[in-house]
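Chemist: 3D model of this:
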Amino acid sequence: MTAADTRIAPAAVPAAAERIASHVRHTPLLRRDLLPGLLVKAEHLQHSGSFKLRGAANALLTLGADAVVAGSSGNHGIAVATLGRALGVRVTVVMAAGAAETKEAAVRALGGRVVRVPGGVADRDRYAKDLAARTGAALVPSSDHDLVVAGQGTVGLEMLRDAPDLDAIFVPVGGGGLLAGVCLAAAHLGSAVRIIGVEPEGARRYARSLAAGRPVEVPPSDSVADGLRGQRPGEVVLPIVRHRVDELIGVGDPAVLRAMTLLHRAGIPAEPSGAAALAGALRLNLPGRSAVVVSGGNSAAALAAAGAAHTGTGRRPAAPHRPAPPRLSTSTPLRSTPKKDGP
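Modeler: Just a heads-up that it's a prediction; the model follows:
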């Protein structure tokens, strides 16, 4: 992958890693008895409860804006509000009608303003873009932004540095920023790792767009994985996915809920969106050494517990802040050219 192939050079990922290092946690790769050889990237342990803090931090630290607008299903909004509070930035988060009320409450608790709009994710993003233009605030999309994608790519950079012999990485796909970022990280390191995106069955905008040879907007989804209900592939993200992703697979709600149950039993309190990658890994059951990204743990129970911890103290509830532990269908083939051997 070269700069000519996409808007973002792979080198943007290590640059983002250096920029955000003091604001994010290097999360561990955990070993759990889920599948032979499977590792779990524990982004539910990230500050703000999800990987979204990485892209938010890279964007806010680079833009230096006094006010930002972000469209979000919840976790991106929590991340932007977390950084906004730390940096003194005014934050407005636009959420679609179906977004979780507990995540809205977490954004408000962090000092963010929330605007609810009717419709789905596409309507939300259009409103956020218009609001930013009208108010002069900087727009920080949840995924389709150069700085956000580069920040999310630090997830993949950590994984491949901590376990360079990985054969495959399963990535949950909402807006696609995490998937694109992992692709850029692999390109930067010259890794031949197999990258597999996992979409909800009812929101397969990337698989359908690649099959059609053009961006395809899908209807609003009611997937239990509320953070993966994207409707249209990103302009920044789609070329990267087309160039580097090996497979995109779809998983239904029963598979996601089963994966979430398995993670909970293993001591990993993933939210539904955070369990989607494991659902994909269980479906394919690949040989060799694989890793799944548990992208977040901001379930209703986790957010409620964070609020309850401050009840009666006179302090507003904050989004979850988790201590770091010790380190330690049919599939759609996408790339027609073979990968180069890894280092």
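Chemist: report how many residues lie close to residue 133.
Modeler: Residue 133 is flanked by 11 other residues according to other C-beta atoms under 10 Å. Just so you know, the C-beta spots here come from the backbone N, C-alpha and C atoms, and that holds for glycine as well.
Chemist: what's the closest non-adjacent residue to it?
Modeler: Closest residue in space to residue 133, ignoring its immediate chain neighbours: residue 139 at 7.8 Å, by C-beta to C-beta, 6 or more residues apart in numbering.
Chemist: what's the separation between the one you found and residue 149?
Modeler: From residue 139 across to residue 149, the span is 14 Å (C-beta to C-beta, to the nearest Å).
Chemist: out of those two, which sits in the busier spot?
Modeler: More neighbours surround residue 149 than the other of residue 139 and residue 149, with 34 against 19 (other C-beta under 10 Å).
Chemist: quick check: buried residues in stretch 21-35?
Modeler: Across stretch 21-35, burial judged by 16 or more other C-beta atoms under 10 Å covers 23, 24, 25, 27, 28, 29, 30, 32, 34, 35.
Chemist: tell me the mean pLDDT for stretch 203-223?
Modeler: Averaging pLDDT along stretch 203-223 yields 92.
Chemist: now tell me what touches that stretch from outside.
Modeler: Here stretch 203-223 makes contact (C-beta atoms under 8 Å, 6 or more residues apart in numbering) with 96, 98, 119-122, 173, 176, 179, 197, 199-202, 228-233, 235, 238, 241-242, 248, 250, 253, 256, 272, 332, 334.
Chemist: what subset of the residues you listed is buried?
Modeler: In the contacts of stretch 203-223, the ones that pass as buried (16+ other C-beta under 10 Å) are 96, 98, 120-122, 173, 176, 179, 197, 199-200, 202, 228-233, 238, 241-242, 248, 250, 253, 256, 272, 332, 334.
Chemist: these two touch, right, residue 48 and residue 85?
Modeler: No: in this structure, residue 48 is not within contact of residue 85 by C-beta atoms under 8 Å, at 10.5 Å.
Chemist: these two - which one has more neighbours?
Modeler: Neighbours were counted for residue 48 and for residue 85 using other C-beta under 10 Å; residue 48 has more, 30 against 16.
Chemist: helix or strand: which one has the closest residue to residue 59 other than its chain neighbours?
Modeler: Sequence neighbours aside, residue 147 is the residue nearest to residue 59 in space, at 4.2 Å (criterion: C-beta to C-beta, 6+ apart). Using DSSP states H and E, residue 147 maps to helix 146-162.
Chemist: again with residue 164
Modeler: Per DSSP H and E: residue 164 is located in neither a helix nor a strand.
Chemist: next up, phi/psi of it, please.
Modeler: Dihedral pair for residue 164: phi -70, psi -10, per degrees, to the nearest 10.
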